[in-house]
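Trainee: Sequence first, then the predicted structure, then my questions.
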Amino acid sequence: VVVLTIPGRLGSHWFPLRQISTATSLAIFGNQLGIALGFFLTPLLVGNHSNIDDIGKDLSRLFWIMAILSSISFLLVII
């Protein structure tokens with residue numbers, strides 16, 4: 001709930017009146033796209049193994065990929 005209200009608040013403070021709806025819609029679309037990619041990529045990266053250790057390794061790889069991409073995104077926003 002909190003995340004979905006942020007684009008409108010940021011758009012109203014950062015953008016002129018005629019660009020608020022475009023900025024808000026792009027931000028919400030990005031949020032929904034991220035959720036959709038998460039549902040799509042997780043089964044591709046985490047295999048259906050019978051060994052629990054193999055599943056753990058796949059999950060660890062998935063979490064490292066997410067951490068690296070999030071860190072890169074964070075640095076790009078800060079810079």
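Mentor: Yep, it's here.

Trainee: Against residue 75, how distant is the most centrally placed residue in the chain?
Mentor: The centre of the chain sits closest to residue 34, judged by CA atoms, centre = their mean, with a distance of 4.1 Å. Using CB to CB, to the nearest Å, one gets 18 Å for the distance from residue 34 to residue 75. Any C-beta I mention is one placed from the backbone N, CA and C, and that applies to glycine too.

Trainee: buried sites along the helix or strand bottoming out on mean pLDDT in the chain?
Mentor: Evaluated with mean pLDDT, DSSP states H and E, the helix-and-strand set of the chain has its lowest mean pLDDT in helix 2-14, which scores a mean of 84. For helix 2-14, the neighbour count (16 or more other CB atoms under 10 Å) marks 7, 8, 11 as buried.

Trainee: just to revisit the earlier point, show me what secondary structure element comes after the helix or strand containing the residue nearest to the centre of the chain.
Mentor: Counting by DSSP states H and E, the secondary-structure element that holds residue 34 is helix 20-45. The helix or strand immediately downstream of helix 20-45 is helix 52-78, counting by DSSP H and E.

Trainee: List the buried residues of that following helix.
Mentor: 58, 62.

Trainee: centre of the chain versus it, how much separation?
Mentor: Mean-position distance between helix 52-78 and its chain equals 12 Å (CA atoms, centre = their mean, to the nearest Å).

Trainee: who does it touch, helix- and strand-wise?
Mentor: Helices and strands in packing contact with helix 52-78 are listed as helix 20-45; criterion 3 or more CB pairs under 8 Å, 6 or more residues apart in numbering; DSSP states H and E.

Trainee: Under the pLDDT cut-off, which ranges of this protein? List them.
Mentor: Residue ranges of the chain with pLDDT under 70: 1.

Trainee: Look up how far residue 48 lies from the residue nearest to the centre of the chain.
Mentor: For residue 34, the distance to residue 48 - CB to CB - is 24 Å.

Trainee: care to break the protein down by domain?
Mentor: Taking automatic domain parsing as the domain assignment, the ranges for the chain are 1-45, 48-79.

Trainee: Only the buried residues of the helix holding residue 34, if you could.
Mentor: Using 16+ other CB under 10 Å as the burial criterion, the residues of helix 20-45 that qualify are 20, 23, 24, 27, 28.
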